[in-house]
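Trainee: just a sequence and a predicted model for now, questions to come.
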Number of protein chains: 2
Amino acid sequence: MRYVYINGNFVEYSQATLHISDLGLRRGYAVFEFFRVLRGVAVFLEDHLERFARSAALLELEPPCGRERLEDLIRELIQLNALEQGGIQMLLTGGYSEDAFTPGRPNLIITPTPVSPPPAHLYQQGGKVILQQNQRELPEAKTTDYLMAVRLARRVRAEGATEVVYHDGKRVSEGGRSSLCLIKDGVLVTAREGVLPGITRKHLLEVARPLLPIEERPITLDELFAADEVLLTGATRQVMPITQIEDRPVGSGRVGPWAQKLMAAFQAHLEAYLERRSRPGPA
Amino acid sequence: MRYVYINGNFVEYSQATLHISDLGLRRGYAVFEFFRVLRGVAVFLEDHLERFARSAALLELEPPCGRERLEDLIRELIQLNALEQGGIQMLLTGGYSEDAFTPGRPNLIITPTPVSPPPAHLYQQGGKVILQQNQRELPEAKTTDYLMAVRLARRVRAEGATEVVYHDGKRVSEGGRSSLCLIKDGVLVTAREGVLPGITRKHLLEVARPLLPIEERPITLDELFAADEVLLTGATRQVMPITQIEDRPVGSGRVGPWAQKLMAAFQAHLEAYLERRSRPGPA
């Protein structure tokens, strides 16, 4: 039996419905958030709730409750579902709207979601990405705007790729469901503007900072093709080396030394986080 | 009592719900369509159903029934609601999705929607538009991607404008909920690519063709500012003259002769259509 939280109540998954006047459904007007649950711990929850609040502000939506109450609800949901490993999605929609255009009182949905971590060989041999000209609207907000990612999922699979990376014809921004970093001559480069502020990326940068210089600035397509190493980050894929872009190898075409170092450092960082959070008592 | 159609059934509006696993809600993956009902007639229904089918194909979604069945359902819905004047929205979503990402069997919703036609003075004195850099994803498909339009509605109102017009920093594409045409030196210009194929615009071009030359090609911001006249078209606003862009007047700042001629020609065209469709017997 799975439970989800909707507007103040925990309800059975099968009974979880919204009226069709919801503005998330009718006009794609909804904030989105997703995080992993590992060993019963909501991973990097503080960061996700902070981004959730920022995204809501960008859409001028007021969450029905504050940060602490959300944390409590999420812990309760994890307990109720005896959730050890998986993911949780949050939706804050524009609410029920009589004219199907003007936002009303937001609907809040928090729901466990199955997670299929990528296969291990992608971390050992690296993954492939395809490219697509596209720009999410309001890129700094995490919204339900996944039109292109869902539409291209079949092509991504058909081409043996793990992700699609968006660009505007000149500059590379981010993956359909991930952030992008590259390493060139021992410097880590990642975009700061026009992209989602990725939480996994934020933590990767934290562990990378003592190890190598970091530049947060626009990345051109040429730079991407000339990179020594490329990494994708995301809540589900964590830190994944990319060794092929369309038909071209990245660097040597093999997982590079920085990818190995950074994957290990991130794992240690995540372990320490889980360790800290699973201990009973005050944080 | 209002009735809506959902997946094979006519249900009361208040009872019309979808499960939260719907991909339109969760990932903004849904085709959208909207048309007016005037004197009980679904206006330009053939065109709207054709675009609906094209949008569905672009999203790789298969409508649960064909064109003729959809026409029957819409006529039935109009009768059931005794709908004389108003609008109807259609939604074809990515369906219920266990992993909240992979499309399932599409959900089809057809629902009457209240319509507030713009005030008469906008047609007599012309309206104002504001500008915003933005590009809808998959612009040729009509989807529920209205993130920017909903978000900017408050600013549009606050600035006394009637619409926001999108551009990419160089070229102008379309309005948040309308198509854009300009007239310069007796030539009507409107974009062909990177915009929604507007149905009202299509009918305006039909009535305009015998009256003046038409160029379907990209429009620059400079051209927009230098236009003699600007028009917005849409199912609700029909053909509306625009006399102000941000703080700058269009041409003389008054409704121009072409706007007056084209509004009249479109009205006559629409009247003839309604006349033809309201006659009983074979079309």
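Mentor: Cool, got the structure. Residues are numbered from 1 along each chain as shown, chains lettered A, B, ... in the order given.
Trainee: secondary structure class for A:Pro64?
Mentor: Using DSSP: H, G, I helix; E, B strand; the rest coil, the structure places A:Pro64 in coil.
Trainee: ok, it to chain B distance?
Mentor: Counting by CB to the nearest CB, to the nearest Å, the separation of A:Pro64 from chain B is 16 Å. Any C-beta I mention is one placed from the backbone N, CA and C, and that applies to glycine too.
Trainee: what count of nearby residues applies to that residue?
Mentor: Residues within reach of A:Pro64, counting by other CB atoms under 10 Å in any protein chain shown, total 15.
Trainee: contacting residues around it?
Mentor: Contact analysis of A:Pro64 by CB atoms under 8 Å, 6 or more residues apart in numbering or on different chains lists A:7-8, A:105-106, A:108.
Trainee: may I ask which of those has the most neighbours?
Mentor: Neighbour-wise, the contacts of A:Pro64 (other CB under 10 Å) top out at A:Pro106, 24 neighbours.
Trainee: distance of it relative to chain B?
Mentor: As judged by CB to the nearest CB, A:Pro106 and chain B stand 13 Å apart.
Trainee: isn't that residue up against A:Ser55?
Mentor: No: with contact defined as CB atoms under 8 Å, A:Pro106 does not count as touching A:Ser55 (11.8 Å).
Trainee: find residues that contact each of the two.
Mentor: Common neighbours of A:Pro106 and A:Ser55 (CB under 8 Å, 6+ apart) are A:Leu92.
Trainee: list the buried residues of whatever helix or strand A:Tyr273 lives in.
Mentor: Element membership for A:Tyr273, per DSSP states H and E: helix A:257-278. Using 16 or more other CB atoms under 10 Å in any protein chain shown as the test for burial, helix A:257-278 gives A:258-259, A:262-263, A:265-266, A:270, A:277.
Trainee: count of residues packed around A:Thr233?
Mentor: Residue neighbour count, defined by other CB under 10 Å, stands at 25 for A:Thr233.
Trainee: make that A:Arg237, sorry
Mentor: 20.
Trainee: my guess is it contacts A:Ser178. True?
Mentor: Yes: between A:Arg237 and A:Ser178 there is a contact under CB under 8 Å: 6.0 Å.
Trainee: spell out which residues are contacts of both of those two.
Mentor: A:Glu163.
Trainee: may I have the phi/psi pair for A:Glu76?
Mentor: Main-chain torsions, A:Glu76, degrees, to the nearest 10: phi -60, psi -40.
Trainee: can you pull out the strands in the stretch 51-200 of chain A?
Mentor: A:86-93, A:108-113, A:127-133, A:163-167, A:171-175, A:179-184, A:187-190 (DSSP state E, counting those that start in this stretch).
Trainee: of all those, which lies closest to chain B?
Mentor: Across those, chain B has its closest neighbour in strand A:108-113 (5.4 Å, CB to the nearest CB).
Trainee: what's the angle between that closest one and strand A:86-93?
Mentor: Taking axes from the mean of the first three to the mean of the last three CA atoms, to 10 degrees, one finds strand A:108-113 and strand A:86-93 inclined to each other by 160 degrees.
Trainee: residue numbers of the stretch 51-200 of chain A in contact with chain B?
Mentor: Contact residues (CB under 8 Å from any CB of the partner chain) of the stretch 51-200 of chain A with chain B: A:58-60, A:89, A:91, A:93-94, A:98-103, A:109, A:111, A:113-114, A:116, A:134-138, A:143-151, A:153-154.
Trainee: of the buried residues of helix A:257-278, closest to chain B?
Mentor: A:Leu270 (23.0 Å).
Trainee: where's the closest one relative to A:Gly256, distance?
Mentor: The spacing between A:Leu270 and A:Gly256, counted by CB to CB, to the nearest Å, is 21 Å.
Trainee: and if you look at A:Pro241?
Mentor: 7 Å.
Trainee: now swap in A:Gly8 and tell me
Mentor: 49 Å.
Trainee: before we move on, what about A:His167?
Mentor: From A:His167 to A:Gly256 the distance is 22 Å (CB to CB).
Trainee: which of those two has more residues huddled nearby?
Mentor: A:Gly256 (21 against 18).
Trainee: how about that one, phi and psi?
Mentor: According to degrees, to the nearest 10, A:Gly256 has phi -90, psi 170.
Trainee: okay, it and chain B: tell me how far apart.
Mentor: In terms of CB to the nearest CB, A:Gly256 sits 30 Å off from chain B.
Trainee: now stretch A:14-31 - C-alpha only, PDB.
Mentor: Extracted C-alpha coordinates of stretch A:14-31, given in PDB (Å, rounded to 0.1, in the frame of the first residue of the first chain):
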ATOM      1  CA  SER A  14      -4.900   4.600  -6.000                       C
ATOM      2  CA  GLN A  15      -7.300   7.300  -4.600                       C
ATOM      3  CA  ALA A  16      -5.000  10.200  -5.200                       C
ATOM      4  CA  THR A  17      -6.800  12.500  -7.700                       C
ATOM      5  CA  LEU A  18      -7.000  16.100  -8.600                       C
ATOM      6  CA  HIS A  19      -9.900  18.000 -10.200                       C
ATOM      7  CA  ILE A  20      -9.300  18.700 -13.900                       C
ATOM      8  CA  SER A  21      -9.300  22.400 -13.300                       C
ATOM      9  CA  ASP A  22      -5.900  22.200 -11.800                       C
ATOM     10  CA  LEU A  23      -3.500  24.700 -13.500                       C
ATOM     11  CA  GLY A  24      -0.600  22.200 -13.500                       C
ATOM     12  CA  LEU A  25      -2.600  20.000 -15.700                       C
ATOM     13  CA  ARG A  26      -4.300  22.700 -17.800                       C
ATOM     14  CA  ARG A  27      -1.400  25.100 -18.400                       C
ATOM     15  CA  GLY A  28       1.700  23.300 -17.200                       C
ATOM     16  CA  TYR A  29       1.900  25.800 -14.300                       C
ATOM     17  CA  ALA A  30       3.600  23.800 -11.500                       C
ATOM     18  CA  VAL A  31       6.700  23.700  -9.500                       C
END
